[in-house]
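Peer 1: what's the 3D shape of this:
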Amino acid sequence: MSSSSSADGDAGGRWPALETPVSTVAIQEPVRIGPDETMDRALFRMRQRHIRALLVMEGERLLGIVTDRDAVLHIEPGESGAGVRVRDVMTPDPITVRMDDPLGIAAQRLLDGVHHLPIVDDAGRVVGIVAQGRILHALIETLLPARA
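Peer 2: Numbering: from 1, shown residues only. As a prediction, this is how the structure comes out:
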């Protein structure tokens, strides 16, 4: 599934933050992992970088996304994940957005139950990632008065 580049309705007129480009909150160097790596390696990489998701790549091709939640769901308590391949637990063909998509589009994508959105260019190459928290923080920050 891929992104759409136009927001529905007139939400941008009422909530200008919804029109802010995804690029303003994007992480432009997402951490990647190969599909044949094991989940213990994936979890180590997540812990090392203080992140919750890795893009599963084969060369420059985006295959999927793997998250800490996937580990919770697929690794038995007390196990390290050494016997579990990333390809077996990843979400294949993740929902994506583009750098110039408005935050409103990215927020709509979150309604599909995802927490991280890979960012792709017009050729489908990965150029970043954005997490639910960064999107929500940017939207809330513009809607609520600054804290004293």
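Peer 1: ok so Phe41 is a helix residue?
Peer 2: Quick fix: residue 41 is Arg, not Phe. Yes - under DSSP: H, G, I helix; E, B strand; the rest coil, Arg41 falls within a helix.
Peer 1: just checking, it touches Arg32?
Peer 2: No - at 12.0 Å, Arg41 and Arg32 do not qualify as touching, with contact defined as C-beta atoms under 8 Å. Heads up, the C-betas are built off the backbone N, CA and C, glycines and all.
Peer 1: for the chain, give me the ranges with low pLDDT.
Peer 2: 1-14, 145-148 (pLDDT under 70).
Peer 1: can you map out the strands along this structure?
Peer 2: Remark: strands of the chain, listed N- to C-terminal, are 32-33, 53-58, 61-67, 91-92, 116-120, 126-131; assignment by DSSP state E.
Peer 1: which of those is buried the deepest?
Peer 2: Each of the strands of the chain was given a mean neighbour count from mean count of other C-beta atoms under 10 Å, and the largest, a mean of 24, is that of strand 116-120.
Peer 1: what distance separates that one from the centre of its chain?
Peer 2: Its chain's C-alpha centre and that of strand 116-120 lie 5 Å apart, by C-alpha atoms, centre = their mean, to the nearest Å.
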